[in-house]
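Asks: quick one, structure for this:
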Amino acid sequence: MRGLMMDMPLSISGLIEYAADLHGTRTITSKRLEGDLHRYTYREARDRIAQLAHALQALGIGECDRVATIAWNGYRHFELYYAVPSIGAVYHTINPRLHPDQLIYIVNHAENRYLFVDLTFVPLVEALIDHLPTLEGVVIMTDRAHMPETKLANVLCYEELFEGQPTEIEWPVFDENQAAGLCYTSGTTGNPKGVLYSHRSNVLHALATCMTVSSALGEDNILLPVVPLFHANAWVLPYVAPITGTDLVMPGAALDGASVFDMMDEEGVTVAFGVPTVWLWLLAEMEKRGAKPGKLSMIGVGGSAAPRPMIETFEKKYGIEVVHGWGMTEMSPIGTLGHLSAEMNELPFDERIDIKARQGRRMWGVEMKIVDEEGKRLPHDGKASGELLVRGPCVTSGYYNDEAATAAAFDDEGWFRTGDIAAIDGQGFLFVVDRTKDIIKSGGEWISSIDLENAAVGHPDVALAAVIGLPHPEWGERPLLILVAREGAEVKGEEVCTYLADKVAKWWLPDDVVFLDELPLTATGKVRKATLREQFKDYVLPTVG
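Replies: Presented below is the predicted three-dimensional model:
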């Protein structure tokens, strides 16, 4: 027997319509590449989204057509997040810092018809355009006064698309499982893989996120997404903020510590989400100025494990709550968030920080299991660790047009293989031990590169750390610790090893320490381990011989 309820499909257009009706006066503030600030309300955003939707249809964009973006966090990119899927097409966000060969593969594999590009990335597109046969046109996201000279053919000006377009629209109705967004994984092994989100998955994920971080949202808060809109569905923040009435602040291209600090301070930002590298940059700027951005009270950390010393400093010295999370592009992307229970908040400070250093507890709609090498389930006792698998309504069921990758990504029960080694304790907190490709196997035992990196970053003269495994004739692999020193600091490898001596097991201590001026980072601030492994592939540890 079916229930007698209206069969109204979940839709992305419904989110912006709700925001315009209920939170119409709340604002989006963007740092523009043109050099100024742009402000408008959710109601004004909704009107422009309707105009953009009409313009896309006038270009011939229809259901299931793919429309790509290479852009920073700004109001124009936000508008595309709504206008494209709301007419039944698919928005495809592209990471601009991928290798050119990967960018070409992604655009051609997705068969994008149009590409919307920020001013910064026009030269990048010019260099690739001859290899992108599916593109019918490129839209530069600016006004006529700032349009650059370009050798690109079939170029349109973003702001001119709006001319003569009505602000009212009757949004088309389609199945809630209609494809809405496409985001490719970084492709560290083989070609990048496409994750195809639906209207249903995006709306459900937004609602689940609203439930989990409700204290950081609403009309009393101002949210700055440091996580790029081109990364992992932007952590669903472009959908979360409008439906909760949270003001949005878009930082544009400048994500260094000083720029983020100033934007937060000037705009009264209360909460922000980003990867640990960005927060380490911000923390260094706070230490330099001896202050925090005026109203900042919470940061969300994901993308990679947050160092415990960083969490402790934010909370103890500056009174900024840290919410640690974990997820994947394939999970829409948030899987866990580290909000503490009422009982946990009564624990002594050090015990609370110990819990916050874990990756949090599962979101509603996410199920998790850990298994051994034979696929047998392991207990959630905080001790057993194994491969982490997930399932849920916002988890991918397969990669876009990639049967081989899809076949390898799921177990016999249909659970998705995350590629992480993890443990789960009795209260549901996740401990990510390492990525399966990054964990170091030394003498038959595992060494967590994550834990060793986070311990090293606790040294007062260390800014960034990365650990890779190098071949060793006796032990199989041994760790090499690669560091970036803080600006103006002088530190030696021996000093760091002495510092680590009582923080990790003795046999975890690195066989060597090297210093670089900088680490290779992705656009979202993650360390490119594959690049480091290639760079040090011929490096011989001093313990070999």
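Asks: let me see the ranges of the helices in the stretch 251-400 of the chain.
Replies: Along the stretch 251-400 of the chain, counting by DSSP state H, counting those that start in this stretch, helices occupy 257-267, 276-289, 308-318, 349-356.
Asks: wait, doesn't Thr134 sit right on Val107?
Replies: Yes - the pair Thr134 and Val107 passes the contact test of Cβ atoms under 8 Å, sitting 7.0 Å apart. Quick note: C-beta positions are derived from backbone N, CA and C, even for glycine.
Asks: neighbour count winner among the two?
Replies: Val107 (25 against 15; other Cβ atoms under 10 Å).
Asks: the more buried one reaches Ala68, doesn't it?
Replies: Yes - shown here, Val107 and Ala68 form a contact pair, counting by Cβ under 8 Å, at 6.3 Å.
Asks: can you redo the helices of the stretch 251-400 of the chain as TSV with distance to Thr25 and mean neighbour count?
Replies: Shown next, in TSV, are those (distance: least, Cβ to Cβ, whole Å; neighbours: other Cβ atoms under 10 Å):
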stretch	distance to Thr25	mean neighbour count
helix 257-267	16	19
helix 276-289	30	20
helix 308-318	31	18
helix 349-356	35	15
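Asks: direction included, what does the helix or strand encompassing Leu430 pair up with?
Replies: Assigned by DSSP states H and E, Leu430 belongs to strand 430-435. Strand 430-435 pairs in its sheet with strand 416-424 (antiparallel), by DSSP bridges.
Asks: if we can go back for a sec, quick check: neighbours shared by Val107 and Ala68?
Replies: 94, 115 (Cβ atoms under 8 Å, 6 or more residues apart in numbering).
Asks: can you pull the buried residues of the lowest-mean-pLDDT helix or strand in the chain?
Replies: Taking mean pLDDT, DSSP states H and E as the measure, the helix or strand of the chain with the lowest value is strand 445-447, at a mean of 79. By neighbour count on 16 or more other Cβ atoms under 10 Å, the buried set for strand 445-447 is Ile447.
Asks: what do you get for stretch 162-179?
Replies: Applying 16+ other Cβ under 10 Å to stretch 162-179 flags 162, 165, 169, 171, 176, 178-179 as buried.
Asks: render the CA-only coordinates of stretch 316-325 in PDB, please.
Replies: Listed next in PDB are the C-alpha coordinates belonging to stretch 316-325 (Å, rounded to 0.1, in the frame of the first residue of the first chain):
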ATOM      1  CA  LYS A 316      42.300  27.200  23.600                       C
ATOM      2  CA  LYS A 317      44.000  30.400  22.500                       C
ATOM      3  CA  TYR A 318      41.400  32.000  20.300                       C
ATOM      4  CA  GLY A 319      38.100  30.400  21.500                       C
ATOM      5  CA  ILE A 320      37.200  29.200  17.900                       C
ATOM      6  CA  GLU A 321      35.400  25.900  17.800                       C
ATOM      7  CA  VAL A 322      36.800  23.400  15.400                       C
ATOM      8  CA  VAL A 323      34.500  20.800  13.800                       C
ATOM      9  CA  HIS A 324      36.500  18.100  12.100                       C
ATOM     10  CA  GLY A 325      34.900  16.100   9.200                       C
END
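Asks: pLDDT on it, on average?
Replies: On average, the pLDDT along stretch 316-325 is 96.
Asks: please report how far Leu56 lies from Ala68.
Replies: Leu56 is 13 Å from Ala68, where distance means Cβ to Cβ, to the nearest Å.
Asks: no no, Val371
Replies: Per Cβ to Cβ, Val371 is found 37 Å from Ala68.
Asks: which one of the two is surrounded by more residues?
Replies: Per other Cβ under 10 Å, whichever of Val371 and Ala68 has more neighbours is Ala68, with 27 against 18.
Asks: does that one touch Phe116 like I think?
Replies: Yes - contact criterion Cβ under 8 Å: Ala68 and Phe116 qualify, at 7.0 Å.
Asks: quick one: closest of the helices of the stretch 251-400 of the chain to Glu534.
Replies: Minimum separation from Glu534 across these (Cβ to Cβ) falls at helix 276-289, 20.3 Å.
Asks: now what about that closest one, what contacts it?
Replies: Residues from elsewhere that reach helix 276-289 (Cβ under 8 Å, 6+ apart): 226, 255-258, 260-261, 292-293, 299, 301, 303-307, 310, 313-314, 318, 457, 463-464, 486-487, 521, 525-527.
Asks: for the helix or strand following the strand holding Leu430, give the mean pLDDT please.
Replies: As assigned by DSSP H and E, the chain's next helix or strand after strand 430-435 is strand 440-442. Averaged over strand 440-442, pLDDT sits at 83.
Asks: show me how far strand 440-442 is from its chain's centre.
Replies: 28 Å (Cα atoms, centre = their mean, to the nearest Å).
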